[in-house]
Structures are given as C-alpha cells and as structure tokens.
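A.B. asks: With the sequence up front, the predicted model follows.
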Amino acid sequence: MSIASRPGGLLMGVLLVLLAAAEFAVRGPMRAVEQGNDFSGLFAASRVFRHGENPYEQNLVETEFIAAQDDPPDTSRPVHRQFYPPYVMVLLLPFSFLSWQKARFALAVVNCVLPVLALALYLWQHRAADQAVFRSWLCIVFLLALAPLHTGIALGQPVVGAVAFLFLSILLVEKERFLVAGVLLALATVMKLLLALPIIAYFILRGRWRPLTVCAAVVLVISVGVLMWWGNATPDYLSMAAANLQKERLSGPMNPTDAHYYHRVDLAPLTVLPSAYVPAVPVGISAALTLALAVALFRLRRRMAEPEVRVLTLSAFCLLSLMIFYHGYYDVFLLFIPACYAIFTLRFTRKQVVFFLLLLPPFLFPIGTALHVLKDSMSWIRDIVSLPVLGRLLSLNLNIVLLALFVWVLFRMWAPREVRGCRDRETERIVGARSRGIPLSRR
C-alpha cells in the first residue's frame, strides 16, 4: 500500500500542498508585484534597445526607467548596471511596450505559469509510473516550497522562464518533438547560457543533435537580427557591455570577496580564506570534480540507455554547473528538473531519505540571507556571522549542500548496484554481465 492510499495520507498530502502554496504565494508573486528589482534594469534596457540606443549606457537606462512608470514614478528603486547579452532584451521586447508596473505584474504571472506548465506536462507523461500519485504529490510540494523559485519570481529573474523552457525541451525531446524542443532550448540559452550549458552537455552525451541544431539556428537568427538592428554601433555597445561586466567582477557581487557573498551558491566564496582569496583554488577544485565526473561517465558509457544512469548524469551536470560557474541563489531552481526525474526513477534506502531530509532546509528557506538580515537586530547572530571561518561556512550552507549532493551522485554512479536499482544479486549479475559483453551460462 502506498503512502497516498493509507488512511490520512491524502489529507496530509493536501495539507502539505496548501502550506507550500501559501509559502509560494507570500514569498513569490506577492513580493514580485512590489519588488522585481532584478527586472527593473532589464526592463528599462529592453526599452532602450527597442529605441535603437545603447542599453548598456547607465544614464539612458535610468532615464528610460523613470519615463516608463505610471504616476507617481518610483525614483528610489535600484536600476542595476546591465551586462546581459542583447538576446535577453530581444526576448523581453513584449514587456517593453508596457509601463513598469504592468510589465512587472505580467512577468510575475509568466514566471508563475511556466514552471507549473512544465511540471504538469512531466506528470502527465509519467502518469503510468509506479506510485505515480504519491510521486506527483512530492513533485508538486517540492515545486511550491522551493525557495530559489520564490526568490527568482520575487526579483523578476529570467531564471524562472529559462529553467521552465529547459524542462520542457527535455520532455519534448523524449517525445521526439525536436523542432519545438530546439526552439525552447534556444530561448533558454539566450536567457541564461550558464543554466543551459548542463542541458546542452546532456543532449550532446545522448547524441540528441537535432534539437541542438535547431537551437544553434535560432540563436544565429537572433544574432543576425541584433547586428542588423544595431548596425555600425554594435562594437561600441558590446564593448560597453564588456566593461560593465568587468566592473561587476571587480567590485560587484561577482567578486567572491564582496560583502553580499551569501547570495552565491558556487564554490568560489567557499574558498575565500580569512587572509586572502586565491582564484586558483576554486579552479583546481572545479577541475578535480569535472575529472571525477568524466571518469564516472566513461565507466558507464555502455549503460547510458538505462533510465537511472540518465537521471544521475543529468543531476551531475546540473550540480557541477552550479558549483563551477558564478550562480546566485535563484539559479538553484535548475535542480528542480533532475529532482523530478529522481523522484520518479531512483530507488532510495531509508538512510538515503534521511540524508536528503537533512540537506533539504537550504532549499526551503534562504538561511544565509536570513542570517545576514537578522544580524542587524540580534547581536548573537552578528557575533556568529562575523567569525571569519564559521560565519562564512554557515552563510554558505547551500554551497556545502550542493557539494555533498554532487559527491553522493558520483558515489552512486560508481556503485553499479545502486545505479541500476537492482533488488537481488542475480539480477545485478545479469545486468553487469550484459554491460561488459560477457555471455551468461544457461541453467
């Protein structure tokens, strides 16, 4: 008997969904209609782009942002320096025809609808799976309770739409809808390239060349369109974008020693020592993790057709991308894709379930941000956070969790029985012999 069919199981499931939905509403869309701070600069830059002017000129962007608002204008809202590639502004052009208040509301609606649409399609495609109802409840609760999604919606981040498009592209590839899948992959790529890289690598490993070809063609068409729109001013605009990016790397949140390091989830802030920061340290760790994954994939090269191996490979790619490239807290929403596949595909022991539950809190609440907010009003938290090593490790709790998850995925990829999910030694012997091409003796 499944948990969902036990007495009280359905009631508990409904209660969990309602609680998660309440948290989602409060931390996500309700904040989005009032904040959208990350979207403000992109919105204004897209309007400047539509006028054929330089979207990386800060004065133009700030002036356009004030002009685009309904009365009374909000002059206190920050408009961040822009360094996003022009592709993002192309995709945001429909919002540029609205006022700031209406565009912010429209983006909040889109960011709420797209993940739900992607999950609904996934659950529909897997409705015949074992214990599908119970597993569906888990996916729904996890989506609604996922704090990085809340943060992405509240800030108006294009991350939410990019991850939804990536999820949909994987689902459509499974149904061999390669054209639409390629277009969605292209949209995600131009919105958030670093988030799309693990999915592109996953498609390359599986030999899914048709959606990758469509993706490349769409990106090329958008690139040509941008060049034609900007004309001779293209080099000047792109050089200013590069200059803005360099400023962010030196003195903005992209610098691991920045005061707002707790918003990041990659490895670089973890390697900042009390005395100095050595860039070679995170690079070396990243290279070691990448090499370990490459070796594991080489060992499993003949078993890529197995669903469990595919899920672990997708999980490893997503985790590695989050750790080795610059990523904010909201980017962790990317893990929702492999999490859904893991819930429906992998088998877990009770100890593994306990292990995951212990690692779950940073995904449900931004602990690092909360510590740095509360330190202003609670002296004991301020004393802890100010500790050079312990304070940084507590603030970067999610970074440590991602590293632990990646190590677990590697360990499971190296253990054939765990990868296969076999229930008995005889089945494991048969699977192992077939994968190595060894003929089985008849009984």
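C.D. replies: Happy to help now that I have it.

A.B. asks: Report pLDDT for the residue positioned nearest the centre of the chain.
C.D. replies: Geometric centre of the chain, nearest residue: Leu334, 2.4 Å, by C-alpha atoms, centre = their mean. Turning to Leu334, the model gives it a pLDDT of 97.

A.B. asks: Please tell me I have it right and it contacts Leu322.
C.D. replies: Yes - using C-beta atoms under 8 Å, Leu334 is in contact with Leu322, at 6.6 Å. Where you see a C-beta, it was placed from the backbone N, CA and C, and this is true even at glycine.

A.B. asks: what's the spacing between the residue nearest to the centre of the chain and Tyr87?
C.D. replies: Per C-beta to C-beta, to the nearest Å, Leu334 is found 19 Å from Tyr87.

A.B. asks: tell me the SS of the nearest residue to Ala45 once chain neighbours are set aside?
C.D. replies: Closest residue to Ala45 apart from its sequence neighbours, by C-beta to C-beta, 6 or more residues apart in numbering: Pro55 at 3.8 Å. The three-state label given to Pro55 by DSSP: H, G, I helix; E, B strand; the rest coil is coil.

A.B. asks: got the contact list for Pro55?
C.D. replies: Taking C-beta atoms under 8 Å, 6 or more residues apart in numbering, we find Pro55 in contact with 45-46, 48-49, 61, 82, 86, 89, 237.

A.B. asks: Give me the neighbour count for the residue nearest to Leu227 when sequence neighbours are not counted.
C.D. replies: Counting by C-beta to C-beta, 6+ apart, Leu227 lies nearest to Thr234, which is 5.7 Å off, once chain neighbours are set aside. Residue neighbour count, defined by other C-beta atoms under 10 Å, stands at 14 for Thr234.

A.B. asks: So Thr234 sits against Met228, correct?
C.D. replies: No - applying C-beta under 8 Å, one finds Thr234 not in contact with Met228, separated by 9.4 Å.

A.B. asks: Out of the contacts of Pro55, grab the one that's most surrounded.
C.D. replies: Ranking the contacts of Pro55 using other C-beta under 10 Å puts Ala45 first, with 31 neighbours.

A.B. asks: Please parse the protein into its domains.
C.D. replies: Domain assignment of the chain by automatic domain parsing yields the ranges 14-251, 252-422.

A.B. asks: looking at the ones you listed, which has the lowest confidence?
C.D. replies: Among the domains of the chain, domain 252-422 scores lowest, with a mean of 88.

A.B. asks: measure Tyr262 to Phe333 for me?
C.D. replies: Distance from Tyr262 to Phe333, by C-beta to C-beta: 18 Å.

A.B. asks: one step back: and the residue nearest to the centre of the chain, its phi and psi?
C.D. replies: phi -60, psi -30 (degrees, to the nearest 10).

A.B. asks: ditto for Asp130
C.D. replies: Main-chain torsions, Asp130, degrees, to the nearest 10: phi -60, psi 130.

A.B. asks: Please apply the same query to Arg264.
C.D. replies: phi -90, psi 160.

A.B. asks: Tell me the bridge partners for it.
C.D. replies: Gly328 (DSSP bridges).

A.B. asks: check contacts around it.
C.D. replies: 253, 256, 326-329, 396, 399 are the contacts of Arg264 under C-beta under 8 Å, 6+ apart.

A.B. asks: gap between Leu405 and Asn399?
C.D. replies: Using C-beta to C-beta, one obtains 11 Å as the distance from Leu405 to Asn399.

A.B. asks: more neighbours, those two?
C.D. replies: Asn399 (25 against 21).

A.B. asks: Correct me if wrong, but that one is in a strand.
C.D. replies: No - applying three-state DSSP, one finds Asn399 to be helix, outside a strand.

A.B. asks: Identify each buried residue in the one helix or strand Leu319 maps to, please.
C.D. replies: Using DSSP states H and E, the element containing Leu319 is helix 307-324. Judged by neighbour count using 16 or more other C-beta atoms under 10 Å, the buried positions of helix 307-324 are 308-324.

A.B. asks: For burial, what's the neighbour tally of Val159?
C.D. replies: 28.

A.B. asks: show me the contacts for Phe203.
C.D. replies: Counting by C-beta under 8 Å, 6+ apart, Phe203 touches 173, 185, 209, 211-212.

A.B. asks: ok but Leu357 is inside a helix, no?
C.D. replies: Yes - counting by three-state DSSP, Leu357 is part of a helix.

A.B. asks: and it, how far is that from Phe348?
C.D. replies: 11 Å.

A.B. asks: okay, those two: which has more neighbours?
C.D. replies: A direct count of neighbours by other C-beta under 10 Å for Leu357 and Phe348 places Phe348 higher, at 15 against 9.

A.B. asks: Kindly confirm whether my reading is correct that the more buried one touches Phe356.
C.D. replies: Yes - under the criterion of C-beta under 8 Å, Phe348 makes contact with Phe356 at 7.4 Å.

A.B. asks: before we move on, back to that, closest to Val17 out of the contacts of Pro55?
C.D. replies: Ser46 (35.7 Å; C-beta to C-beta).

A.B. asks: Quick check: what element follows the host helix or strand of the closest one along the chain?
C.D. replies: For Ser46, the host element (DSSP H and E) is helix 37-50. Next helix or strand after helix 37-50 toward the C-terminus (DSSP H and E): helix 58-67.

A.B. asks: Give me the helices and strands touching the helix or strand following that following helix, please.
C.D. replies: Moving toward the C-terminus from helix 58-67, the next helix or strand (DSSP H and E) is helix 86-91. Under the contact definition 3 or more C-beta pairs under 8 Å, 6 or more residues apart in numbering; DSSP states H and E, helix 86-91 sits against helix 37-50, helix 178-191, helix 209-230.

A.B. asks: Pull out the CA atoms of the longest one and give them to me as CSV.
C.D. replies: Put plainly, it is helix 209-230. Below are the C-alpha coordinates for helix 209-230, written out as CSV (Å, rounded to 0.1, in the frame of the first residue of the first chain):
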residue,chain,number,x,y,z
TRP,A,209,21.8,16.5,-32.4
ARG,A,210,18.5,17.6,-34.0
PRO,A,211,17.3,19.9,-31.1
LEU,A,212,20.9,21.2,-30.7
THR,A,213,20.9,22.1,-34.4
VAL,A,214,17.6,23.9,-34.2
CYS,A,215,18.9,25.7,-31.1
ALA,A,216,22.0,26.9,-32.9
ALA,A,217,20.0,28.0,-35.9
VAL,A,218,17.6,30.1,-33.7
VAL,A,219,20.5,31.7,-31.8
LEU,A,220,22.1,32.5,-35.1
VAL,A,221,19.0,34.2,-36.4
ILE,A,222,18.6,36.3,-33.3
SER,A,223,22.3,37.3,-33.5
VAL,A,224,21.9,38.4,-37.1
GLY,A,225,18.8,40.4,-36.1
VAL,A,226,20.7,42.2,-33.4
LEU,A,227,23.6,43.0,-35.7
MET,A,228,21.2,44.4,-38.3
TRP,A,229,19.3,46.4,-35.7
TRP,A,230,22.4,48.0,-34.1
